[in-house]
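> got a structure for you, letters missing:
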């Protein structure tokens with residue numbers, strides 16, 4: 001069974017539009033908390049609610065869900081999603097994990113298809129949510145070089161997250177969705193360009209030397 005990556009990318013664009021995301025870095029936790037029927041808890045809160053130790057909860061999920069997990073329960077005749085996330089992770093890993101779990105929910109994954117197919121779709125959704133291609137295209141058209149560092153500034157992602165985005169397959173997303181996203185991010189793009197112009201004009205990074213700054217760092 002082949003993952004439907006085009007559907008995942010389209011769903012990410014529709015989610016950004018639906019929740020009126022107008023700037024980056026995208027905050028998937030804010031979106032997730034706004035989705036009806038979803039309850040979001042840290043692993044500490046989730047473990048406490050289940051009467052377990054946090055470490056016991058992490059061990060129960062094995063190696064694949066140390067960052068985040070979604071539990072589906074029927075409450076009062078309706079499905080509820082309980083999303084637990086590891087708030088002790090570095091921010092970029094936590095955001096990627098939350099975006100992935102959001103993808104599972106938005107895409108309606110119910111366990112009827114193979115895990116690897118669902119995971120591929122959810123990760124593709126996360127990449128398009130955190131690194132919206134219309135935003136990157138808009139920045140490119142300003143003439144600012146898109147380096148990994150610049151992309152990190154735009155998206156709030158770090159290099160290890162960006163590698164997956166750079167290797168993502170190109171997929172078709174309806175032109176009207178791309179146009180709507182371009183419009184949503186227009187003010188952010190202009191502000192970013194203005195700031196980059198100022199920073200470039202006053203760039204004194206060549207004068208920075210962190211050697212002495214780190215001297216004796218571990219001394220008490």
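Alright, I've got the coordinates. This is a predicted model, so every value here is computed, not measured.

> what is the helix or strand encompassing residue 177 packed up against?
Counting by DSSP states H and E, the element that carries residue 177 is helix 175-184. Counting contacts by 3 or more CB pairs under 8 Å, 6 or more residues apart in numbering; DSSP states H and E, helix 175-184 packs against helix 5-18, helix 133-140. C-betas here are computed from N, CA, C, even on glycine.

> residue contacts, residue 105?
32, 35, 38, 70, 81, 83 (CB atoms under 8 Å, 6 or more residues apart in numbering).

> mind putting the residues you listed in TSV, pLDDT, distance to residue 196 and neighbour count included?
Putting the contacts of residue 105 into TSV (pLDDT from 0 to 100; distance: CB to CB, whole Å; neighbours: other CB atoms under 10 Å) gives the following:
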residue	pLDDT	distance to residue 196	neighbour count
32	95	30	23
35	93	33	16
38	91	36	17
70	86	37	20
81	88	39	19
83	91	35	23
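
> which of these sit farthest apart?
Greatest spatial distance in the contacts of residue 105: 35 and 70, 11.2 Å, computed using CB to CB.

> and for those two, which residues touch both?
With CB under 8 Å, 6+ apart as the test, residue 35 and residue 70 both reach 81, 105.

> do you know the pLDDT at residue 157?
On pLDDT, residue 157 comes in at 69.

> just the strands in this structure please.
Secondary structure of the chain (DSSP state E): strands located at 38-42, 68-75, 78-85.

> least reliable of these going by mean pLDDT?
The weakest mean pLDDT among these belongs to strand 68-75, with a mean of 83.

> that strand - contacts with which helices or strands?
Other elements packing on strand 68-75 under the criterion 3+ CB pairs under 8 Å, 6+ apart are strand 78-85, helix 91-106.

> circling back to that earlier point, closest to residue 60 out of the strands of the chain?
Of all the strands of the chain, strand 68-75 comes closest under CB to CB, at 9.4 Å.

> which residues does that closest one contact?
61, 79-86, 94, 97-98, 100-101, 104-105, 110.

> before we move on, the earlier item: got a markdown table for the contacts of residue 105, with distance to residue 123 too?
Listed next are those as a markdown table, based on distance: CB to CB, whole Å:
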| residue | distance to residue 123 |
| --- | --- |
| 32 | 16 |
| 35 | 18 |
| 38 | 19 |
| 70 | 14 |
| 81 | 18 |
| 83 | 16 |
